[in-house]
Every structure is written in structure tokens, then in C-alpha cells.
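Peer 1: Structure, please.
(chains A and B)
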Amino acid sequence: MTVNTTLATYSDWTYATAIAIYVLSMLFYLAEQAFGRFARRSERVEAATVGGSGGGTAVLDRPAPPRVTPAGRPLPERLGRMGVALTVLGVALHASAVLTRGLAVHRVPWGNMYEYGSAVCLAAMVTWLVLMRRFPIRRLTGFVLLPIVVLLFLGGTVLYANAAPLQPALQSYWLVIHVSAAATSSGILLLPGVASLLYLVRTANEHNPRRFARLAPRLPGADMLDRLAYRTTIFAFPLFTFGIVCGAIWAESAWGRFWGWDPKETTALVAWVVYASYLHARATAGWRGNRAAVINVLGFAVMVFNLFFINLVVSGLHSYAGVNG
Amino acid sequence: MTGSRIGAVLALLRNTWRGLTSMRTALALLFLLALGALPGALLPQRSLNAPKVGQYITEHGWWGRVLDKLQFYDVYGSVWFAAIYVLLFVSLVGCLVPRSVEYARQSVAKPVLTPRNLGRMPHYATSTVDASPADVLAAVRPKLRGWRAVEREEDGGARSISAERGFLRETGNLLFHFALLGLLVAYAVGKMYGYEGQVIVQADGSQFCNSGVLNYDSFRPGLRVDGTQLDPFCVKVNGFTARYLPDGQAESYQADVQYQSGADLETNTWKPYDLRVNSPLRTAGDRVYLLGNGYSPVFTVTFPNGQQRTGHVQWEPVDQQTKLSQGATKFDPPDVTDPVLRRQQQIAVTGLFAPTAVYDGKVLSSGFPALTSPAVAVQVYRGDLGTDSGRGQSIFSVDHQMIADGRLKKVASQNLGLGQQLRLDDGTTVRFDGVVPWVNLQVSHDPTQDLVLVFAILIIGGLVTSLTVKRRRVWVRATPESGAEGGGRTVVEVGGLARTDQAGYGEEFTRLSGELLAAPRQRAEQDPE
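Peer 2: Just a heads-up that it's a prediction; the model follows:
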């Protein structure tokens, strides 16, 4: 099995292009935020005169139909929609980068850290596109893209590994199952991390309007952010559990025991416990809201720590980042 | 007096129990568990890498020793970690018992009374139809298939249905937590009755038998294992093949083994097995893994009297990438029975072995892990190896104390290719004859791991159930319209309440209430009286 270097090169180019497109679409969202100020102010005046309608839980912070410009839609919204179009393009490129990488090396495209990081980000972005269809959260895309772009950039520079076949320990069909579950759940868990962080910003502003005075009013309601975080977490958490269990089954046949307190295993367990705490906190009086959000952000921090620090700094059985030094 | 004292003690116990089993405490303990587990990932652990712990302690001085005292190098066996999980365990049991009782009670209980004012429910819909309350309910009933429902007569001729759904959520919840308990217990039992041993076997037809602890190079028994009752089986390693990519990355490891267990031991029948990294040999309730490999250079020493001794012993890889290895192959002089004389003529061949020799001047290193052009850079020592000294020594090196004492002297130092030999001052020759690969086998025994897997699957099942199923209620009330013009007309009200996570119930309620409100009309159309 030789590596198809032409295809691998195409994959690298597509990867770089995807990052560029993501950055570009981030600019569009930023522009929407920046130019959106005046429109939103007038909206708020309108809302105030109409009165606080729709206090029900089902009503989301959907932007009210603002004044219509000659082009049909107000400029900020047009910018935002362009941003969405670019994001879709970016995800398509990103997906083809992952796919061509897999085709180039004749195996699943998550055999080292560069590939794994790319797959994690792809899972996050695809999930975000799905969520965008169901919730009015377009304006948050810029905040989601920020960690994604950082991760992809680090992956493409610091962690980059040449396309190569797998080392013997990784040659197992569990690579397909365990790592795809781990990558998908890690990717999806990135989203509630961002949502909970923004929730904290939003509630801090609600308690004291001077804090985050510029940022917070442009975010969706705290209720919406909380629900977004919760729904994505309960989707990803069982998947993450499944990923850990699959890892244990694989470890049983590769390393001689299903659980051995390897640093990666331990940190995954820690993250699992933190997310379990989040779910418990959300069901405990006095812990909903801010505290739960803090726990979710903590969970996200543990996940990132697990991805970078444990793989790169601590040596353990999961140290096959493919990074020298 | 005593009565009140007993009361006070009971109150203290009760409050402690309540405090321990409250959700807040459980949350705090979960945090502690996460926090307590982290040092195990960050600090070297004895169970994983004991030499590294020693090195860490030396490098960090008093701080390293303090951490050692606090059991930070054995986190998962430490007193404080055990305290956290035992408390969590108690808390979990204390939470589960009352919940199970409540669950059993609810599973036979009827759905709650229909609230007086359905309009106050988070979800509400209403319409008026030309049918009697009894007909309305008869029409609605089939639409609530799958719901636990109860019908009640109310004042003023009204009738209502109270229905609820999603009882499975609590089932899943309890299943998850009980399975978690079961998994922890099974894991602990497995640790007590399991063992793990490692042994290096030369891949030249050598055997290993799981008949006693002494056959192992290292053996880690569970608390209840004394090593006298190991499951008997034997493994013979006939050969080992490693394949590498041009850049030295390993592509595959494969050991050609034969094994016998059970009845085969008596009949001495060997069964073949293709042992690979991801496919362990499972036999006699144990698993045999191929964990590592290396090389044993073969040396032949020809003594001045013409006698020959051939020996090979594993040398340890110092560089996993290139398999540059170091070691010491030790020889006793033949036909010397006098221990004093023998201790003057023992020979050790030590140094470096390279599977693919690369020379920088005269310094040997390895360029590739496969055996393309093997060579050794040896130092030959002669004298007292100290094997009779009673002091344990590494098989990979000579006892440096003996060198320091002047009882073991370096008598030659030379690079040797395959088939080359060196000659010592007394006429003894040392020839580098060949290389035999060795494999590092691990034997593992864990009687409960299948049970752990079953519990893990139940955990996932319980988790998915408890997170996807939503508990929700729906009520239908049919009230005869009051007033003069209300003859024969009935007001139908539908109210809904999601008991967990409101989100998502709105859509379902809209659909359901639409169906429920349409049902009486459809029924009236189908069979007009």
C-alpha cells in the first residue's frame, strides 16, 4: 500500500483553502455584527413599543423583520447570509480535504493528530450547519469559527504529519469505530463549550449592563444559549461514552487490558465526569444556569487539554501524534 | 437522658446520610473525582513506569518526596482517591435506593388528576364540537395509544382523560446508575482475582509455560492471587517477523507461535497461532499479547583449550526507532569446577548492537530497525561477574561494582560484523555468529472483563434512553357547553406539560392536540346518527 502523493497534495491544498474560506466567512459575520448595530437598535425600539410579547419558552430570539432596503434585505443580514454561504463552501472543502486524505493513504483519515484534529473540526462544523437550520443562531457562527480556525491552523502547522500508513498498534477496525466516535463527539462538544461561554457573557451583561456592553446585546437570549448547550451536550455525551467504551474494547485486544489509567484514558474519564456533572448540575436546583454553564466550559477545557497537552507533552500509549520532538 | 442522646445520634446519622446522598454532595464528589484523577495523568505513575517515578523524585528534591508521601505516584491506589470513590459509591447507593422505591410506586400509580384549569398549562388548545362528552372521549381514546391514560368523570357532566408518557426515562436513568455500580464492582473484583505477567521469549522455538510465577520476568498479581493456581498453558515461539516502511516506521509485527492448553497438554499437541499486535491469543481463560520485540545477538566463545560455548540473551532496545540495543551476554568457563578459579575467568560480552550498522568513524549506531547489516560494538570483560555474590544484577549489563573493585576487567573492545571475531590476550576468541529475535509476551487474566463489557453496554443503553425519552403529560377534557344555545355541543380542551426539558414538546403537542381535537369531528362524519 503506497501513498498517493498527488492526492495527498491536493488534500493539503484543499485543507488550506478551507481554512482561508472559514476566515473569510468569519469576516462576513464580523461585518454583520459591526453593521448590525444600527438596525438592531431600531429593532429594540420597536420591540419596546410593541411590548414584551411571547414570554413562552418556545419563542427564540429571532430577529424581528427590520426595515427593508432597496435590495430586498438589509445589508447586515445580506452579509450574514453570505457568511453562511461561505461557511457551507468551507465545510465542503474541509470534507473533501478529509476525504482525499483518506483516499490518498487508503485508510480512515484519522490516523495521526493532524488528521484527527481536522476530523474533529469537521464534525463540529457539520453539526453547526445542521443546528443553524433548526435554530436562529447564524450570528454565533463567527464565535464557533474562531476556535475551529485556531485548531485547524495549529493542526496544519505544528501538528502536520505527512501522509503515511498506520503503525501496527493502530491497524484494527476499532480505529474506524473508536476514533470516529471520539472525533465526532469531541467536535460536537466544542459547540456547547462556545455556547456556554457566550451564555456566561450574556448573563453577566444581564446582571450588570456595563459588562460586555458591546458584545452581549448582539447575542441570542441566555435561554436560547443554555438550550443550545444542553441539546448538543446530551447528543454528544452518549456518543462520547460509546467512544470510551470502544476504546476500552480496543485496548483490551491491543494493550492487554481494557483500562490501564493511561493519561489519555484518564483525561477522557475526567472529561466524562465533568460532563456528567454538567447534566447533574442542570437537574439540581441552584446549579442551573451559570454554574452549569461554567461546568460545561470546564468540560470543553478538559477536552482541549486532552487533545493537545496529553498527546504532545505527556507520554503514554496514545502518543502517536506523528509529531517529532 | 439516654433517649434524647440516642435521638441526637440518630439525628446526626440521618443528617449525615441526607447530606451525603444529596445531589450537591454528589456533584462535589464528582468534581473531586475528576480533580483527583488528573494528577495520575500528569505525574509519572508507578503502575505504568516505575523508573520514571524514581527519576522524577530525584529531579524534584523535597517536592518529589512530599508528592511520594501523599501517594501522588500511585493515584489510583491511594487512600484519598479510594476515599473519594467510596464516598461517591455510598452517595450513589443512597440516591438510588429511594429513587427505585419511588420508581416502583410510580409504575403502578395512575396518572394524576386532570388540573382544574387546563388553560394555565404551558401548552393549551381548545375547540367546540357537536358531540357528547362520552363520544368525544371515545374518539380521542385511540389517538392516545401508547400513553398511560386514565379516564375520570367530573362535576357537571364533564369527562377527562389524564395521560402520560415517557416513563422509560426514569427506567433508563436507573438502569444507567445501577449499571455504573455494577461496572465498578465488576472492575474491582477483576482487579482482585486477575493477574498480569510479562516474559521475554526467544523466537527460535523457545517455550514459555504458565505454570508458575517464576517463569515470568515480571508478575503483577491481584490481591487474591498467590500464583499457585495459574491456568496452565504453554506457548512456543517459532519465529518473528517485523515489516518496516522505508522511513523505519513499523508496518507489522507478527509472531509465529504454537500453543497447548487443556487436554492438549497431556497429549502434547501443539496448535498454531498467528500472534499479532491487535489479535491476542485467547486460551485457557487467559490472553497472550505480543507487546514488544528486540534482538539477541549470538556469540560463540572459543576458550584456549578449544572448548566452545554459544550464548544469546535478549539485549534491550535503547532506541525504538532504529532498534539500537544494548546488553550483556555472560559466559562461564567450561570444565572449571573450582569456584575461585571460575570467578577469575568468567566472560561478559557487552556493548551495542545495531540491526543496520551505520558508522560515524568507529562509533556504531543503527540506521534502520530491520536486520539488513547487523553489527556489534563490544567490550569484553573477564573476571568475576558477581553472579555468585548474592546481589541481584540486570541481565542487560554487568555489575559495575565488580569493575570498580577491580575484580572484572575490560580485556577487549572492538566492532564486529556478522561472522567476525576478536581474540583476547589469552587466545580466547569471541565470534559474532548471528541474531535471534525475541518477543515480549504479556499474559493477562481478568475473570470479570466480559461482565464489565455487559455493564458498559447497559450504561450506554440507559444513558441514551434517559437522555432521549421525555416525560410529558397531556390532558383532554370534554365539558358540555353551558347556556341556552349550548344544546348538544361540547367544549374540548387539551393541555400539555413536559416534565423534563420543555424544548421540543411544543411541536409534538401541536401535532397531538390537532389530532385530538379533530378526532371527534372525524368520528361524527364517519357515522352520522
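Peer 1: In space, what's closest to residue B:275 - neighbours in sequence excluded?
Peer 2: Excluding its sequence neighbours, the residue lying closest to residue B:275 (C-beta to C-beta, 6 or more residues apart in numbering or on different chains) is residue B:255, at 4.3 Å. Heads up, the C-betas are built off the backbone N, CA and C, glycines and all.
Peer 1: Ok, residue B:224 next?
Peer 2: Closest residue to residue B:224 in three dimensions, ignoring its sequence neighbours and counting by C-beta to C-beta, 6+ apart: residue B:192, at 4.7 Å.
Peer 1: ok but the residue nearest to residue B:275 is inside a helix, no?
Peer 2: No: residue assignment for residue B:255, taken from DSSP: H, G, I helix; E, B strand; the rest coil, gives strand, which places it outside any helix.
Peer 1: And it, how close does it get to residue B:440?
Peer 2: Note on residue B:255: its distance to residue B:440, by C-beta to C-beta, to the nearest Å, is 10 Å.
Peer 1: Neighbour count: those two, which is higher?
Peer 2: Counting neighbours by other C-beta atoms under 10 Å in any protein chain shown for residue B:255 and for residue B:440 shows that residue B:255 has the greater number, 25 against 16.
Peer 1: what bridges to the more buried one?
Peer 2: Per DSSP bridges, residues listed as beta-bridge partners of residue B:255: residue B:240, residue B:275.
Peer 1: And the one 4 residues further on, by the same measure?
Peer 2: Here residue B:259 sits in beta bridges with residue B:235, residue B:271, going by DSSP bridges.
Peer 1: Can you tell me the number of residues neighbouring it?
Peer 2: Burial of residue B:259, expressed as a neighbour count using other C-beta under 10 Å, amounts to 21.
Peer 1: For it, which residues are in contact?
Peer 2: If a contact means C-beta atoms under 8 Å, 6 or more residues apart in numbering or on different chains, then residue B:259 has B:233, B:234, B:235, B:236, B:270, B:271, B:273, B:281, B:283, B:288 as its contacts.
Peer 1: Just the buried ones from these?
Peer 2: Burial by neighbour count, 16 or more other C-beta atoms under 10 Å in any protein chain shown: within those this picks out B:233, B:234, B:235, B:236, B:273, B:281, B:283, B:288.
Peer 1: farthest-separated two in the residues you listed?
Peer 2: B:236 and B:283 (12.9 Å; C-beta to C-beta).
Peer 1: Can you give me every residue that contacts residue A:270?
Peer 2: Contact criterion C-beta under 8 Å, 6+ apart gives A:302, A:306, B:34, B:37, B:38, B:41 as the residues in contact with residue A:270.
Peer 1: go again using 10 Å as the cut-off
Peer 2: Residues near residue A:270 by C-beta atoms under 10 Å, 6 or more residues apart in numbering or on different chains: A:299, A:302-303, A:305-306, B:33-38, B:40-41.
Peer 1: Residue B:295 should be in a strand, yeah?
Peer 2: Yes: judged by three-state DSSP, residue B:295 forms part of a strand.
Peer 1: Which strand residues bridge it?
Peer 2: With DSSP bridges applied, the residues forming beta bridges to residue B:295 are residue B:437.
Peer 1: Next, count neighbours for it.
Peer 2: Burial of residue B:295 is recorded as 26 neighbouring residues (other C-beta under 10 Å).
Peer 1: my read: it touches residue B:325, true?
Peer 2: Yes: distance between residue B:295 and residue B:325: 5.8 Å, which falls inside the contact criterion (C-beta atoms under 10 Å).
Peer 1: pLDDT (mean, whole number) over stretch A:232-247?
Peer 2: Across stretch A:232-247, pLDDT averages out at 96.
Peer 1: centre of the chain versus that stretch, how much separation?
Peer 2: Its chain's C-alpha centre lies 15 Å from the corresponding centre of stretch A:232-247 when counted by C-alpha atoms, centre = their mean, to the nearest Å.
Peer 1: Also stretch B:104-117?
Peer 2: The answer for stretch B:104-117 is 43 Å, by C-alpha atoms, centre = their mean.
Peer 1: How about residues contacting that stretch?
Peer 2: Counting by C-beta under 10 Å, 6+ apart, stretch B:104-117 makes contact with B:102, B:121, B:124, B:147-152, B:154, B:158-165, B:167, B:170-171, B:473-477, B:493, B:495, B:497, all of which sit outside it.
Peer 1: show me where pLDDT drops low in chain B?
Peer 2: For chain B, residues meeting the criterion pLDDT under 70 lie at B:1-3, B:483-487, B:501-504, B:526-529.
Peer 1: coming back round to it: out of the buried ones among the contacts of residue B:259, which is nearest to chain A?
Peer 2: For chain A, the closest of these turns out to be residue B:288, at 9.0 Å, with distances computed as C-beta to the nearest C-beta.
Peer 1: For the closest one, which non-adjacent residue is closest in space?
Peer 2: Counting by C-beta to C-beta, 6+ apart, residue B:281 is the residue found nearest to residue B:288 once chain neighbours are left out, at 4.2 Å.
Peer 1: Strands along the stretch 51-200 of chain A, start to end?
Peer 2: For the stretch 51-200 of chain A, applying DSSP state E, counting those that start in this stretch gives no strands.
Peer 1: quick one: the helices in it?
Peer 2: Listed from the start of the chain, the stretch 51-200 of chain A has helices (DSSP state H, counting those that start in this stretch) covering A:75-105, A:113-134, A:141-157, A:174, A:180-207.
Peer 1: how about TSV for these, with mean neighbour count and mean pLDDT added?
Peer 2: As requested, those are exported to TSV (neighbours: other C-beta atoms under 10 Å in any protein chain shown; pLDDT from 0 to 100):
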stretch	mean neighbour count	mean pLDDT
helix A:75-105	20	92
helix A:113-134	21	93
helix A:141-157	20	92
helix A:174	18	90
helix A:180-207	23	94
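Peer 1: still on that earlier bit, show me the common contact partners of residue B:295 and residue B:325, please.
Peer 2: Shared contacts of residue B:295 and residue B:325 (C-beta under 10 Å, 6+ apart): B:314, B:315, B:316, B:317, B:353, B:354, B:355.
Peer 1: quick one, what contacts the last one?
Peer 2: Residues counted as contacts of residue B:355 (C-beta under 10 Å, 6+ apart) are B:242, B:294-295, B:297, B:317, B:322-325, B:366-375, B:435, B:437.
Peer 1: from the residues you listed, which would you call buried?
Peer 2: Neighbour-count burial (16+ other C-beta under 10 Å) applied to the contacts of residue B:355 gives B:242, B:294-295, B:297, B:317, B:322-325, B:366, B:368-371, B:374-375, B:435, B:437.
Peer 1: Narrow those residues to those in strands?
Peer 2: Secondary structure assignment by DSSP state E places B:242, B:294, B:295, B:297, B:317, B:324, B:325, B:366, B:375, B:435, B:437 of the buried ones among the contacts of residue B:355 in strands.
Peer 1: for these, which one is nearest chain A?
Peer 2: Taking C-beta to the nearest C-beta as the measure, residue B:242 is the one of these closest to chain A, at 8.7 Å.
Peer 1: Surely that closest one is in contact with residue B:368?
Peer 2: No: with contact taken as C-beta under 10 Å, residue B:242 and residue B:368 are classed as non-touching, separated by 11.2 Å.
Peer 1: Any idea how many residues pack against residue 5?
Peer 2: No chain specified, so I'll use chain A. In terms of burial, residue A:5 registers 11 neighbours under the definition other C-beta under 10 Å.
Peer 1: The chain in question should be chain B.
Peer 2: The criterion is other C-beta under 10 Å. On that basis, residue B:5 has 9 neighbouring residues.
Peer 1: Next, the angle helix A:180-207 makes with the helix or strand containing residue A:272.
Peer 2: Mapping residue A:272 onto the secondary structure by DSSP states H and E places it in helix A:263-282. Relative orientation of helix A:263-282 with respect to helix A:180-207: 40 degrees, computed using axes from the mean of the first three to the mean of the last three C-alpha atoms, to 10 degrees.
Peer 1: On the C-terminal side of helix A:263-282, identify the next helix or strand.
Peer 2: For helix A:263-282, the following helix or strand on the C-terminal side (DSSP H and E) is helix A:290-305.
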